[in-house]
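> Could you work out the structure for the sequence below:
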Amino acid sequence: MSDTMEHQKISNYRHRKILEKLYELGSVSSEELSTIFGVSRITIRRDLDTLALAKLLERTHGGAVVGASPRLESIFDEKDMLFKREKRAIGRYVASLIEENDTVFLNAGSTTLEVLRHLKGKRVKVVTNNAASITVDLEPCVELIVLGGEYRRGSQSYYGDLALMGLKSIYSSITVLGINGISTRKGLTSAVYQETSINRAMIENSSGKVLVVADRSKMNCVSSFLTCGFDKIDMIATDWLCPAPFLAELRALGVRVDAVNEEALPLPL
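Predicted structure coming up:
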């Protein structure tokens, strides 16, 4: 199977989240996944069969385990390639909202990394647990502070007590958070339990706006762990192909949502 076909396969939100859960735990059950995603066990079994056919996991009686192939880990190393145009546009737009002399919190994720890549011509401090941030070619005016802690390979992030201790003595003027799921019923959710504490600490120590960056694959989805409700954030930035009905539902809740086009300009409401 070609890389393009594999990327198309895991661009399905539920498939990708199943793989994330599997990568984190080593094994998953159909019953557990059925509860997490709110779908029938028959649907989950079909998902697992599809992923097994693509050699991304091994089926077991009642669930799945990580296969012998290293392909699963490499998929997470390559996830920055999924929705690349959309993430780039979101990153450019949110970077344009960051002002001179801001102190910016950025959490882990490929979309927040795009925000960092597009910080140009502004003297700012960026505080992040995103381990991939050290690979970005930053302008000299951008000061990068990387939080220490335990390293999680799957999300290329630092977490734990050391990271939280670093955040306690810093206050941001703007916070940018990537997220795994946005639901009008369940709020903003994350796939990795350990990272929710980092997200919450960043929100708690924000003295300015909290912005969420999320491409359309995160919309109308619920991931495993609650990060926060909509009352804790000021804006969601998403892409031009995000379904209009769901945008309307979010806005009806009083949430500001900016959908941007490929030129990183907000679309009219």
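
> State the distance from the residue of the chain most remote from its centre to Asn180.
In the chain, His61 marks the outermost C-alpha relative to the chain mean, sitting 31.0 Å out by Cα atoms, centre = their mean. For His61, the distance to Asn180 equals 29 Å [Cβ to Cβ, to the nearest Å]. From N, CA and C alone the C-beta is placed, and that goes for glycine too.

> Ala214 too?
Counting by Cβ to Cβ - Ala214 and Asn180 are separated by 8 Å.

> How about Tyr13?
Taking Cβ to Cβ, one finds Tyr13 at 9 Å from Asn180.

> for Thr50, same thing?
20 Å.

> contacting residues around the helix or strand hosting Ser34?
In this structure, Ser34 sits in helix 30-37 according to DSSP states H and E. Outside helix 30-37, the residues that touch it by Cβ atoms under 8 Å, 6 or more residues apart in numbering are 14, 17-18, 21, 40-41, 43-45, 47-48, 62-63, 222, 224.

> Just the ones of these in helices?
With helices taken from DSSP state H, the overlap with those comprises Arg14, Lys17, Ile18, Lys21, Arg41, Thr43, Ile44, Arg45, Asp47, Leu48.

> And stretch 99-106, end to end?
15 Å (Cα to Cα, to the nearest Å).

> can you list contacts of it?
98, 112, 115-116, 122-128, 130, 133, 167, 170-177, 202, 205-206, 208.

> Which members of those residues occur in strands, if any?
124-128, 172-177, 206, 208 (DSSP state E).

> buried stuff in stretch 109-125?
109-119, 122, 124-125 (16 or more other Cβ atoms under 10 Å).

> Now find how far off-centre that stretch is within its chain.
Relative to its chain's centre, stretch 109-125 lies at 15 Å (Cα atoms, centre = their mean, to the nearest Å).

> which residues sit against it?
79-80, 82, 87-88, 90-92, 94-96, 98-104, 106, 126, 128, 130, 132-133, 136, 138-139, 141-143, 145, 155, 176-179, 213-215.

> And these, which of them are buried?
Among the contacts of stretch 109-125, those that count as buried by neighbour count (16+ other Cβ under 10 Å) are 79-80, 82, 87-88, 90-92, 94-96, 98, 102-104, 106, 126, 128, 130, 132-133, 136, 138, 142, 155, 176-179, 213-215.

> and the helix holding Ser34, how far from the chain's centre?
With Cα atoms, centre = their mean, you get 21 Å for helix 30-37.

> ok, now stretch 202-210?
That offset, for stretch 202-210, works out to 18 Å (Cα atoms, centre = their mean).

> And for stretch 141-150?
With Cα atoms, centre = their mean, you get 19 Å for stretch 141-150.

> gap between the two ends of it?
28 Å.

> Residues contacting it, please?
116, 119, 121-131, 133-134, 138, 158-164, 166-167, 170, 194, 198.

> If we ignore the residues flanking it in sequence, what's nearest Glu195?
Spatial nearest neighbour of Glu195, excluding adjacent residues (Cβ to Cβ, 6 or more residues apart in numbering): Tyr159 at 5.6 Å.

> What's the separation between that neighbour and Ala201?
On the measure of Cβ to Cβ, Tyr159 and Ala201 end up 10 Å apart.

> burial count for Ser27?
15 (other Cβ atoms under 10 Å).

> In contact with it, which residues are there?
Residues near Ser27 by Cβ under 8 Å, 6+ apart: Thr60, Gly63, Ala64, Val65, Val66.

> Which parts of the stretch 151-269 of the chain are helices?
Counting by DSSP state H, counting those that start in this stretch, the stretch 151-269 of the chain has helices at residues 161-168, 193-204, 244-252.

> deepest of those, which one?
helix 193-204 (a mean of 20; mean count of other Cβ atoms under 10 Å).

> Just the C-alphas of that helix, formatted as PDB.
Presented in PDB, the C-alpha positions along helix 193-204 are these (Å, rounded to 0.1, in the frame of the first residue of the first chain):
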ATOM      1  CA  TYR A 193      -4.400  12.000  29.600                       C
ATOM      2  CA  GLN A 194      -1.000  13.300  30.700                       C
ATOM      3  CA  GLU A 195      -1.200  16.300  28.300                       C
ATOM      4  CA  THR A 196      -4.600  17.500  29.700                       C
ATOM      5  CA  SER A 197      -2.800  18.700  32.900                       C
ATOM      6  CA  ILE A 198      -0.400  20.700  30.700                       C
ATOM      7  CA  ASN A 199      -3.200  22.200  28.700                       C
ATOM      8  CA  ARG A 200      -5.100  23.200  31.900                       C
ATOM      9  CA  ALA A 201      -2.000  24.700  33.500                       C
ATOM     10  CA  MET A 202      -1.500  26.900  30.400                       C
ATOM     11  CA  ILE A 203      -5.100  28.000  30.500                       C
ATOM     12  CA  GLU A 204      -4.800  28.700  34.300                       C
END
